[in-house]
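**Student:** Need a 3D model of the sequence below.
(one chain, ligands or ions: 1)
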Amino acid sequence: MNAQALDTAAAESLLAFWRDAGVDACYEDAPIDRTHVAPPPAVKAVTKATASVVALPVTGDAAAEARRLAAGADTLEALGEAIAGFTGCPLREMGAKQAVFSRGNPQAPVMIIGEGPGADEDDRGQPFVGKAGKLLDRMLAEAGLTDRVFITNTVFWRPPGNRTPSPAEQAACAPFVERAFFLLKPKAVLLLGAAAAKSVLSTDEGIMRLRGNWKDWRLPEGNVSAPVMPTFHPAFLLRTPMAKRAAWADLLALTARLDAADA
Ligand code: URA
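**Tutor:** As a prediction, the model looks like this:
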């Protein structure tokens, strides 16, 4: 093998290593030679499996802008447009192709909130359309909820490398999530996974403790509230089939509560 072929093989091997570690997106315009340049100071890393994908801080102005845009939307459709025009969430500049707001029935009695869009959602512009979404859809169908749900996420742009969104990124998007809750006025809310549960319920408690227990979500303004059921994320269920039984019990508890409210 000549020197160039060796270089190519080494570069391909390194790329494969990063891909397997979950790094599948770049968000800088130009490469950074980290062998010569010191890393930027004190940017808090919130990553699943990578050191190079970092969360950037969100300014107070961004949160204020999100609240202003959200308050101006009087329908869920208008809210989707407001989100698409919002530039304050740093995830937007980290390689996401488009904003991903919602799918489902805009008059649904159940609001479902996941963590954030993945690669399939980023491609198609709708939440939960990949493998985890297919499992979610099957569970909803079995529970008789297919047309009775409105599905969204805590953030509307795909976090690079599918890392968990940072609390600051979730906070930047929270006024839109709250506005969706206000406009939909659901009878019950299903929170999928720890990141959604922690963000919506403002708690540090883990999903193992939270799941299966009803909580209350009440907006400070507007007199809107609903019972909330935290449960496991469908991506976790795909990796941990034994947890499906508990998630199914949570879904049945939610349908029972809906049916009781309708009776
Ligand atoms: N996981 C989420 O939390 N949300 C999606 O939309 C897809 C996968």
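**Student:** Now do the strand ranked longest in the chain: which elements does it pack against?
**Tutor:** For the chain, the longest strand by residue count, based on DSSP state E, is strand 225-231. The criterion is 3 or more CB pairs under 8 Å, 6 or more residues apart in numbering; DSSP states H and E, and the helices and strands that strand 225-231 contacts are strand 188-192, helix 194-201, strand 215-218, helix 244-262. Yep, even glycine has a C-beta here, placed from its N, CA and C like the rest.
**Student:** next one: the second one to chain centre, how far?
**Tutor:** With CA atoms, centre = their mean, to the nearest Å as the basis, helix 194-201 stands 10 Å off its chain's centre.
**Student:** repeat for the last one
**Tutor:** Here helix 244-262 shows a centroid-to-chain-centroid distance of 22 Å under the convention CA atoms, centre = their mean.
**Student:** Can you show me the strands along the stretch 51-200 of the chain?
**Tutor:** For the stretch 51-200 of the chain, the strands defined by DSSP state E, counting those that start in this stretch cover 103-104, 110-114, 149-153, 188-192.
**Student:** And for Ala71, the neighbour number?
**Tutor:** Ala71 sits with 14 neighbouring residues when counted by other CB atoms under 10 Å.
**Student:** and the stretch 51-200 of the chain, which residues reach the ligand?
**Tutor:** Gly114, Glu115, Gly116, Pro117, Gly118, Glu121, Pro127, Phe128, Gly130, Ala132, Gly133, Asn153 (CB under 6 Å from any ligand atom).
**Student:** Would you reformat the strands of the stretch 51-200 of the chain as CSV and include mean pLDDT and mean neighbour count?
**Tutor:** Below are the strands of the stretch 51-200 of the chain laid out as CSV (pLDDT from 0 to 100; neighbours: other CB atoms under 10 Å):
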stretch, mean pLDDT, mean neighbour count
strand 103-104, 98, 20
strand 110-114, 98, 26
strand 149-153, 98, 25
strand 188-192, 98, 25
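**Student:** CSV please, covering these and showing distance to Cys89.
**Tutor:** Conversion of the strands of the stretch 51-200 of the chain to CSV gives the following (distance: least, CB to CB, whole Å):
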stretch, distance to Cys89
strand 103-104, 20
strand 110-114, 16
strand 149-153, 12
strand 188-192, 20
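**Student:** picking up where we left off before, name the stretch among the helices and strands packed on strand 225-231 that sits most buried.
**Tutor:** strand 188-192 (a mean of 25; mean count of other CB atoms under 10 Å).
**Student:** gap between the residue nearest to Ala249 when sequence neighbours are not counted and Lys198?
**Tutor:** Counting by CB to CB, 6 or more residues apart in numbering, Gly212 is the residue found nearest to Ala249 once chain neighbours are left out, at 6.7 Å. Noted for Gly212: a distance of 16 Å to Lys198, by CB to CB, to the nearest Å.
**Student:** The longest strand of the chain: which residues count as buried?
**Tutor:** Residues of strand 225-231 classed as buried: Ala226, Pro227, Val228, Met229, Pro230, Thr231 (neighbour count, 16 or more other CB atoms under 10 Å).
**Student:** Off-centre distance for the following helix or strand past that strand?
**Tutor:** Remark: after strand 225-231, the chain's next helix or strand is helix 234-239, criterion DSSP states H and E. Offset of helix 234-239 from its chain centre (CA atoms, centre = their mean): 15 Å.
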